[in-house]
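Trainee: Any chance you could fold what I've pasted below:
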Amino acid sequence: MFEKRIILGVTGSIAAYKAAELIRRLREKGLRVSVVMTKGAEHFITPLTLASLSGEKVYRALFEEESSGRMPHIDLAKEASLVLIAPATANILAKMAHGIADDLLTCVCLATEAPILVAPAMHDEMVKNKIVQENCRKLKATGVKFVDPIKGKLACGTVGEGHIAEIEDIVEEVISLLK
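Mentor: Prediction:
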């Protein structure tokens, strides 16, 4: 049924709850969605929710006891048509920009030849931070694509430029990159 497999990385942002709607919309487009969660993401949304919506196992650990010698980061990286990280925190952007591979998601990103698309979400002061901006420039120079954050209500109650992009815009960019 599915021709293309999206690896959806969900990181530790309040915007992690939007991954549920993102999965639903991607599946409506006929895409297979396999979720890789960071530990931080589990504070905001449950693996059970994402597994129920994706119809797939949710991957959370680089090393799993039941792996039978398999290497999930290599398998996921090879099978990916596209890696989408939404929401992408400042932490994951920094790790990616500096080649740090200390969890399953960062290992998948380093091992894949598939396009990588990120949808950042963080407080607007973090978005504007010179280090975060430099990490984004570095990632863009390596071919990582971005769906930039938009102005919206942030977790702290203020309005700023760090709100995750609209789900429709993220899905549209995924479809565009898969063509």
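Trainee: mind checking the SS state of V132?
Mentor: Here V132 is recorded as helix under DSSP: H, G, I helix; E, B strand; the rest coil.
Trainee: no wait, I7
Mentor: Assignment for I7 (three-state DSSP): strand.
Trainee: so who does it touch?
Mentor: The neighbours of I7, taking Cβ atoms under 8 Å, 6 or more residues apart in numbering as the test, are 34-36, 76-77, 79-80, 82-84, 108, 112, 114. (Glycine included, C-beta is placed from N, CA and C.)
Trainee: change it to 7 Å
Mentor: I7 makes contacts with 34, 36, 76, 80, 83, 108, as judged by Cβ atoms under 7 Å, 6 or more residues apart in numbering.
Trainee: which one among those gets closest to P120?
Mentor: Using Cβ to Cβ, V83 is the member of these that lies nearest P120, at 14.7 Å.
Trainee: Report the mean confidence score over the host helix or strand of the closest one.
Mentor: In this assignment (DSSP states H and E), V83 forms part of strand 82-88. Across strand 82-88, pLDDT averages out at 97.
Trainee: Which strands or helices does it pack on?
Mentor: Under the contact criterion of 3 or more Cβ pairs under 7 Å, 6 or more residues apart in numbering; DSSP states H and E, the helices and strands touching strand 82-88 comprise strand 5-10, helix 18-28, strand 116-120, helix 167-178.
Trainee: I'd like these laid out as CSV, including distance to V132 and mean pLDDT.
Mentor: Output for the helices and strands packed on strand 82-88, formatted as CSV (distance: least, Cβ to Cβ, whole Å; pLDDT from 0 to 100):
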stretch, distance to V132, mean pLDDT
strand 5-10, 18, 96
helix 18-28, 20, 97
strand 116-120, 8, 98
helix 167-178, 19, 97
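Trainee: Of all these, which one comes closest to G157?
Mentor: Comparing the helices and strands packed on strand 82-88 against G157 with Cβ to Cβ, the closest turns out to be helix 18-28 (17.9 Å).
Trainee: Now do the closest one against helix 167-178, angle only.
Mentor: When axes from the mean of the first three to the mean of the last three Cα atoms, to 10 degrees is applied, the directions of helix 18-28 and helix 167-178 differ by 50 degrees.
Trainee: From the rest of the structure, what touches helix 18-28?
Mentor: If you take Cβ under 7 Å, 6+ apart as the criterion, helix 18-28 is touched by 6, 8, 10, 33, 45, 49-50, 53-54, 86-87, 164, 167, 170-171, 174.
Trainee: And those residues, which is closest to V144?
Mentor: Set against V144, the nearest of the contacts of helix 18-28 by Cβ to Cβ is A86 (13.0 Å).
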